[in-house]
Every structure is written in structure tokens, then in C-alpha cells.
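Visitor: turn this into a model:
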Amino acid sequence: MKQIAVAIHSEYVPGLAEKARRFVEALARRCPDSVVLVGGYWGHMKDVVDAALAVGLKVVAFIPMEREEVRLPSGVIAVRTGCEYRCRSVFMIRSADAVVVLGGGVGTAIEAFMAYAMGKPLFVLVHTGTPTDKLKEAYPEYFDTRNAVRVVYLSDPEEVATRACAAEAGAIKGFG
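Guide: Below is the predicted model of the structure:
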């Protein structure tokens, strides 16, 4: 069983819901016993959760204290972290075997940087129309000189799922 954290925008971005759905459906085909980790149930995180439940994947939501009132669908495991947004991301990323960035703003970018700093296999979907698309320009392979993990940028959500399923902790350097 692989735990895959999905970082995605908490606001609406045209076309991103479809990319999220394609990623989740491919994940279910390639890793049917995987667990999807998310940071809440609003914005495009809701799209990921709904798609994952529709294809029978398990979902764990790491809820920040500011949004503890959010109602989760039946079957979603809630972890009420008791801390604010960025703090809850630490729990989510630390719990992941691989991290997928499906497009987002600063919160999503922070989760990408956390994954890198923690040495988690990191896959970033590009051409999403979100600020995280710029990560590839700024950091084509690594986020810093430590070369903790090679960041893998892909434009196909289904290929992101394939790579995330195949990732092994600490084995991503030189992958792809």
C-alpha cells in the first residue's frame, strides 16, 4: 500500500478538475490499494477526494484548525491536526510515500518544497495554469544544491500517476 499526498489548488482553476480526475482514475488503475492524502475538502481538493471515493480509493484528509467544521464524505478518514494550514501540511507530507503536485498557489508550492526537504519522491504536473507551473523554470531538476530528490515534471496527469505508483523513497534521483 502506497500513501500518495496530492497537493492541489484550493480555488477554482479552469480545466484543473478534469486533470485531477484523470490523475485519480489512473492512480486507481495502477495502484488500486493506494491511499490518497489531502489537506482538506474544498477547492480542487474536493475534486480529488470525490474522484478517489468514486473509484474506491481510500482517502485521509489532514484538516487544519481553521477548517475543522468542514463536512467530509462518508469513508474519508479525518485527521484534525489542531494546527494551521502550513503546519497541517507537515503531517500530510511526512505521511506520504510520494508527493504529487497537480497545480496550485503558494500553499501547494510550500508542500512541494516540504516534500523535497524531506526527500520524498516529488512529481509536479505542469501546464495547469497555476503558479506552480513556474517551478520548472526556476528549478529544472533540484530545488537547491543538496540535490535531495530530482523533481520530476510531467504534463500528463496519467503519467504522473504511473510515476508516483512506481516511486520508491530515496530512489528518485535520476528517475525518468
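Visitor: just the buried residues of the longest helix along the chain, please?
Guide: In terms of residue count, the longest helix belonging to the chain (DSSP state H) is helix 16-30. Of the residues in helix 16-30, 16-17, 19-28, 30 count as buried by neighbour count, 16 or more other CB atoms under 10 Å. Every C-beta, even on glycine, is put in place using the N, C-alpha and C of the backbone.
Visitor: quick one: the strands in this protein, in order.
Guide: For the chain, strands defined by DSSP state E occupy the ranges 3-7, 35-38, 58-63, 76-80, 98-101, 122-125, 152-154.
Visitor: CSV for those, including distance to residue 141?
Guide: Shown next, in CSV, are the strands of the chain (distance: least, CB to CB, whole Å):
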stretch, distance to residue 141
strand 3-7, 19
strand 35-38, 25
strand 58-63, 28
strand 76-80, 32
strand 98-101, 15
strand 122-125, 11
strand 152-154, 9
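Visitor: shaky segments in this protein?
Guide: Low-confidence segments of the chain, defined by pLDDT under 70: 169-176.
Visitor: returning to what we had before: on contacts alone, who are the packing partners of the longest helix of the chain?
Guide: strand 3-7, helix 43-54, helix 157-166 (3 or more CB pairs under 8 Å, 6 or more residues apart in numbering; DSSP states H and E).
Visitor: want to try CSV for those, with mean neighbour count as columns?
Guide: Below are the helices and strands packed on helix 16-30 laid out as CSV (neighbours: other CB atoms under 10 Å):
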stretch, mean neighbour count
strand 3-7, 26
helix 43-54, 21
helix 157-166, 21
